[in-house]
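Enquirer: Sharing a model prediction with you, sequence too.
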Amino acid sequence: MNELKLNYVIEGEGETLLFIHGLSDNLLYWEVLASFLKKDYRILRVDLRGHGESPLGSDEITVDVYSHDLKSLLDELDIAKVNLIGFSLGGSVALDFAIKYPDMVSSLVLMSTCSRCDDHVNQVFSEFKRHLSRGFGDFYDYMIPKVLYPDVIENNREELQAIKEFASINANVEAYIKAADAGLAFDVDDALSEIKAPTLVLAGRHDEIFPLYCAERLHEKIENSQLVVLDGLKHNLLVGKNNAKIVDILKKFYKKIS
C-alpha cells in the first residue's frame, strides 16, 4: 500500500476527537460541531483519500485502506489514542479502525452508518455509482431528497444550490465511485462483538440510506453501546438546531465514559 499525505485540520486541546466524513464530503462537514467542541477537546478532522484536498493515490480503494491511512496519520502526529466519530461511510471506516486497532480507540460514535452491505445497502451504493457516472451534479440532485426532509430543502434552496456549485468545482467523481465500491465490499458484521470501546450509535428515524435497522443491529451486536434515535431526521443529522442537540448528546456521552 502506497503511503500518502492526508489533508487535515487539528485544533483545540484535550482528548483527541477524530472526525471521519462520508462519501463525497470532506472535513468541512464537521465545521459546526468542531466549533462547539474545540474548547474542550483536541479536534482532528481529515479528508479521506480522493476527498477534499487529499490525493486519491493509485491503490485499490477499500475501507481497510481508509483505516490504514488514518493509522499512519495518527502515528505521524504521535497520537496514541482517539475518540472516533464517523458519519455514513466514515462510520464504516470508524468501525473497521476500531476492530483493527482496538488499543488506539477510547470511544466510538457512529452516525447514520452500517456494518455490512446487505441487499438494501447494495442497491444504495449501486445507485450512487449510477448517478455519479452522469456527473457530480446529477449525484447531488439525487442525494439531497434522500438525506433531507422536503421542508428543509425548500427553506434552504439558495444555500443548497451554493453548496452544489462549490462542491462541483473540486469534486473527484472517480474517487467517489471508488468509495462506493468500498462500501459495496464492506462487511464487519461478524466482528462487531470484538468492539469493547464505549460506543454511541446515532440514527435518524427516517434514514433512507442506512435505515434504522442498521443502527439497531450495531447496538445489538456491540456490547458496550447505546442507541439514540433522532426524530424528524433522515440521513443527515447535522441540520440546523440539531447541531446543538448533538453536541449536547456527545458531551453527555463523553462525560459518562470519562
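Expert: Good, I have the coordinates.
Enquirer: List the residues that contact the nearest residue to I257 once chain neighbours are set aside.
Expert: Nearest non-adjacent residue to I257, counting by C-beta to C-beta, 6 or more residues apart in numbering: P198, 4.3 Å away. For every residue, glycine as well, the C-beta is placed using N, CA and C. Going by C-beta atoms under 8 Å, 6 or more residues apart in numbering, P198 touches 106-108, 224-225, 253, 256-257.
Enquirer: Of these - the most surrounded one?
Expert: Counting neighbours by other C-beta atoms under 10 Å, L108 leads these with 26 neighbours.
Enquirer: these two touch, right, that one and K196?
Expert: No: at 10.0 Å, L108 and K196 do not qualify as touching, with contact defined as C-beta atoms under 8 Å.
Enquirer: re earlier: which one among the contacts of P198 gets closest to I99?
Expert: L108 (10.3 Å; C-beta to C-beta).
Enquirer: what about that closest one, distance to S72?
Expert: 20 Å (C-beta to C-beta, to the nearest Å).
Enquirer: Just the buried residues of the longest helix along the chain, please?
Expert: Counting by DSSP state H, the longest helix found in the chain is helix 242-257. For helix 242-257, burial by neighbour count (16 or more other C-beta atoms under 10 Å) applies to 242-243, 246-247, 249-250, 253-254.
Enquirer: can you map out the helices along the stretch 1-150 of the chain?
Expert: 31-37, 63-76, 89-100, 119-132, 136-147, 150-155 (DSSP state H, counting those that start in this stretch).
Enquirer: Give me whichever of these is most buried.
Expert: helix 89-100 (a mean of 26; mean count of other C-beta atoms under 10 Å).
Enquirer: How far does that helix sit from its chain's centre?
Expert: 9 Å (C-alpha atoms, centre = their mean, to the nearest Å).
Enquirer: which strands and helices sit next to it?
Expert: Helix 89-100 makes packing contacts with strand 16-20, helix 63-76, strand 82-87, strand 105-111, helix 173-184 when contacts are defined by 3 or more C-beta pairs under 8 Å, 6 or more residues apart in numbering; DSSP states H and E.
Enquirer: tell me the angle of that helix relative to helix 63-76?
Expert: 70 degrees (axes from the mean of the first three to the mean of the last three C-alpha atoms, to 10 degrees).
Enquirer: what's the angle from helix 89-100 to strand 82-87?
Expert: 150 degrees.
Enquirer: Could you report the pLDDT at M1?
Expert: pLDDT for M1: 66.
Enquirer: Return the distance of the closest residue to W30 other than its chain neighbours relative to G12.
Expert: The shortest distance from W30 to any non-neighbouring residue, by C-beta to C-beta, 6+ apart, is to F19 (4.4 Å). Distance of F19 to G12, given as C-beta to C-beta: 12 Å.
Enquirer: which helices and strands sit right next to the host helix or strand of E220?
Expert: Assigned by DSSP states H and E, E220 falls within helix 212-221. Applying 3+ C-beta pairs under 8 Å, 6+ apart, we find helix 212-221 packed against strand 199-204, strand 225-230.
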